[in-house]
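Q: predicted structure and sequence below. I'll ask about it afterward.
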Amino acid sequence: MPRSLDGQITMEKTPSYFITKEAPARISAMSKDTKLIVVVRDPVTRAISDYTQTLSKCPDIPTFESLTFKNRTTGLIDTSWSAIQIGIYAKHLENWLLYFPINQILFVSGERLIGDPAGELGRVQDFLGLKRVITKKNFYFNKTKGFPCLKKSEGSSKSHCLGKNKGRTHPNINQEVVQRLREFYRPFNMKFYQMTGHDFGWD
Ligand SMILES: Nc1ncnc2c1ncn2[C@@H]1O[C@H](COP(=O)(O)OS(=O)(=O)O)[C@@H](OP(=O)(O)O)[C@H]1O
């Protein structure tokens with residue numbers, strides 16, 4: 001990580017940090033004061049999104065339904081499948097709390113990031129001790145993309161939406177499988193709400 005000068009913040013984004021066992025110790029050894037931001041969304045939708053991304057690269061993979069279960073008849077979920085494993089947020093968070101206090105971690109709601117991007121980014125700016133420079137005026141809803149996008153900024157003639165690999169259409173998943181996954185995640189979600197002091201409403 002490059003050093004920051006006074007008045008600067010160095011930021012780095014790596015989605016896999018949150019689930020990487022060695023990451024908290026390494027980051028803490030680099031700087032105990034590092035502020036951490038984690039974007040979390042409903043783990044069931046997250047698993048389907050993850051699967052959609054893999055499917056776009058490898059169209060021949062088995063169905064979501066068949067990858068979900070170790071045993072479809074007994075309903076035993078395959079927790080070794082990364083798409084499922086990553087969504088057990090409480091378990092990953094436990095590992096971070098061995099090295100960082102909870103108030104040094106901001107949990108951003110993936111759902112609110114879509115529904116109210118300015119509100120969620122307001123929380124991010126507050127957490128980082130920044131003036132709220134990004135506000136509602138910076139966003140518009142792009143009907144074609146189906147997501148909020150950034151408005152043109154001063155000096156730039158272009159508005160900006162996230163790329164084609166963000167906001168893909170998800171395949172239809174068997175509702176019984178979705179229900180079973182909801183049951184599976186419920187206790188982990190409850191624990192996560194308790195640990196963070198925030199109900200993300202994924203039920
Ligand atoms: N404004 C805007 N535009 C497009 N997409 C948006 C936006 N805000 C949040 N999202 C959601 O971001 C999801 C993709 O992010 P990822 O977590 O997969 O990104 S990362 O690759 O892990 O960095 C992506 O998931 P999918 O919908 O499953 O593609 C989106 O739901």
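A: Ah, there it is. Numbers count the residues shown, from 1 in each chain.

Q: what are the contacting residues of stretch 111-125?
A: 37, 39, 41-42, 106, 108-109, 131-136, 138-139, 147-148, 200-201 (C-beta atoms under 8 Å, 6 or more residues apart in numbering). C-beta: built from backbone N, CA, C; applies to glycine.

Q: filter these down to just the ones in strands.
A: In this view, these that belong to strands under DSSP state E are 37, 39, 106, 108-109, 139, 147-148.

Q: what does this structure put close to the ligand?
A: Those residues of the chain that sit near the ligand, judged by C-beta under 6 Å from any ligand atom, are 15, 49, 52, 113-114, 147-148, 162, 166-168.

Q: which of these are buried? Put it as a PyMOL command.
A: Only the buried members of those enter the following PyMOL selection, criterion being 16 or more other C-beta atoms under 10 Å:
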select buried, resi 49+52+113+147+148
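
Q: dump the residues of the chain next to the ligand into TSV; add pLDDT and secondary structure as well.
A: Supplementary listing: the residues of the chain next to the ligand in TSV, determined by pLDDT from 0 to 100; DSSP: H, G, I helix; E, B strand; the rest coil:
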residue	pLDDT	secondary structure
P15	93	helix
S49	98	helix
T52	98	helix
L113	98	helix
I114	98	helix
F147	97	strand
P148	97	strand
L162	95	coil
K166	96	coil
G167	95	coil
R168	96	coil
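
Q: ok, the residues of the chain next to the ligand vs V178, which is closest?
A: Within the set of the residues of the chain next to the ligand, S49 lies nearest V178; the separation is 13.2 Å, counting by C-beta to C-beta.

Q: do a quick rundown of the helices in the chain.
A: Under the criterion DSSP state H, the chain carries helices at the ranges 23-30, 43-57, 64-68, 82-85, 89-96, 110-115, 117-127, 175-196.

Q: redo those as a markdown table? Include distance to I9.
A: Rendered in a markdown table, the data for the helices of the chain read as follows (distance: least, C-beta to C-beta, whole Å):
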| stretch | distance to I9 |
| --- | --- |
| helix 23-30 | 15 |
| helix 43-57 | 27 |
| helix 64-68 | 39 |
| helix 82-85 | 31 |
| helix 89-96 | 20 |
| helix 110-115 | 20 |
| helix 117-127 | 11 |
| helix 175-196 | 23 |
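
Q: for Q8, find the nearest of those.
A: With C-beta to C-beta as the criterion, Q8 lies closest to helix 117-127 of those, at 15.3 Å.

Q: quick check: mean pLDDT across the closest one?
A: For helix 117-127, the mean pLDDT works out to 98.

Q: relative to the ligand, which of the ones in strands among the contacts of stretch 111-125 is nearest.
A: Of all these, the one with the least separation from the ligand (C-beta to the nearest ligand atom) is F147, at 3.4 Å.

Q: my guess is that closest one meets C161, correct?
A: Yes - using C-beta atoms under 8 Å, F147 makes contact with C161 at a distance of 6.8 Å.
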